[in-house]
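# The following block contains a protein sequence and its predicted model.
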Amino acid sequence: MTGQRRDRVLVLRALGLGDLLTAVPALHALRHAFPDHRLTLAAPAALAGAAAATGAVDELLPTEAAGRGVPRAIPWRGPPPRIAVDLHGCGPLSVEPLAALRPGRLIGYARPPGPAWRAWEHERDRWCRLLGWHGVPADPSRVGIAAPRAPSPAPGAVVLHPGAEAGARRWPAERFAAVAAALAPRRVVVTAGPGEEGLARRVAALAGLPPGAVLTGLSFDGLSALVAGAAAVLVGDTGVAHLATAHGTPSVVLFGPVSPRLWGPPPLPRHRALWCPGPERGPRVGDPHGVRPDPRLLRVGPRQAVAALEDVLAAGARGQPM
C-alpha cells in the first residue's frame, strides 16, 4: 500500500474473491487514470491480501453485507471522495451508499447518464465498458496480479479445488477423485477453503493420494503461491479459477448453472471452460446458489476433465498475464 494522497477514489466491490479478481482490469484502469489519487476499495476484510496483490489498490475499507447483498452504508471517514465508482451492481441499491458520501463524481450503471446493462456480458468486459463510457480507457485483458513472494507449498503439482460457495457449482467428490487417479504419476494436491476440509479429504481418500496431498488453512498468500506455481488447476466456477487466470496458470474450469460467457477464463490455449448446457437459453440457466449440483455441471464427466487438463498442460509455456 502506498502513502497518503490528497484526492481519493472510492470503489465499491463488496463481494468475494472471484468478483474482486474479475474487476482487476477495471482497477488497473482507475489506477492508470488517476495516478496521484489514493484508491480505496470497499470490500470484505478477508480480501485485503488479494486487494494488495492487484497493485492498484492503496487501502481496503472493510465493507460487506450478508450473502451477496449490498452494504447499507460504507464506513467512510474524511472529506467526500473525489470519485466514487460502483463496481458492485447495476441497480440503485449499490449506488445509494456511494451517493450518500456526496462524491465529486459518481460512476455506475444505475446513475444516468450511462451505458446500458448487458445481460450476456462477461464481468471483466462489463466494468471496463462502464469506465470507458465515462472516459476512463480500460483493457479487459489486464487480468494479472503480483507474483507471490512466498514459495509454493507444492511446486509443479496439479491442483484440484473441489469446493465452491454453493452446491450448484460443486462437482461431486467422486469425479474429482477419478481425475486425480487418472493423472498418476503426476503430483496432485487437493485444496480446501474454510469449511471444505472434509470434502478435500474425501477426494484424497477416494483417489488414494498420499499423506500431505490435502492442503488446508492456506492464507491468501499461500493459496496464491500454490496456484501460481501449479502445473494446472481443476476447479469449479469459483474464486480459485480466477486466481489461476490472474497468474496465467493453465486451468480447467467446470461450469453448471451459469455460462462461461459470463464468468469464464480468457479464450487462450492454457485455459478451458467445460460446460454442457441443454436446450435452455440465457446467460443463467440454473440457480448458481442452489444446494444441489446443477444438471449441466453433472453432464461433465471425469474423462472430459482429464482430456482438457492434458490439453492445457500440453499447450506449452504459459503466457504472462498483463
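Yes, it's here. Remember, it's a predicted structure, so these values are computed and weren't measured experimentally.

# in the protein, what spans have low per-residue confidence?
1-5, 282-283, 316-322 (pLDDT under 70).

# Strands along that one, start to end?
Assigned by DSSP state E, the strands in the chain fall at 8-12, 38-43, 59-62, 83-86, 105-107, 158-161, 188-191, 214-215, 232-236, 251-254, 271-274.

# could I get these as TSV with mean neighbour count and distance to V203?
Quick note: C-beta positions are derived from backbone N, CA and C, even for glycine. Output for the strands of the chain, formatted as TSV (neighbours: other Cβ atoms under 10 Å; distance: least, Cβ to Cβ, whole Å):
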stretch	mean neighbour count	distance to V203
strand 8-12	25	36
strand 38-43	25	30
strand 59-62	17	32
strand 83-86	27	39
strand 105-107	18	43
strand 158-161	27	7
strand 188-191	26	5
strand 214-215	19	8
strand 232-236	27	11
strand 251-254	28	14
strand 271-274	23	18
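
# Which of those sits closest to G290?
Among those, the nearest to G290 by Cβ to Cβ is strand 232-236 (13.0 Å).

# which residues are in contact with that closest one?
Strand 232-236 is touched from outside by 158-164, 169-171, 176, 179, 227, 240-241, 244, 249-256, 297, 305, 309, 312-313, with contacts defined as Cβ atoms under 8 Å, 6 or more residues apart in numbering.

# Dump the strands of the chain into JSON lines; add distance to G69 as well.
Formatted as JSON lines, the strands of the chain follow (distance: least, Cβ to Cβ, whole Å):
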{"stretch": "strand 8-12", "distance to G69": "12"}
{"stretch": "strand 38-43", "distance to G69": "14"}
{"stretch": "strand 59-62", "distance to G69": "15"}
{"stretch": "strand 83-86", "distance to G69": "15"}
{"stretch": "strand 105-107", "distance to G69": "20"}
{"stretch": "strand 158-161", "distance to G69": "25"}
{"stretch": "strand 188-191", "distance to G69": "27"}
{"stretch": "strand 214-215", "distance to G69": "31"}
{"stretch": "strand 232-236", "distance to G69": "23"}
{"stretch": "strand 251-254", "distance to G69": "26"}
{"stretch": "strand 271-274", "distance to G69": "28"}
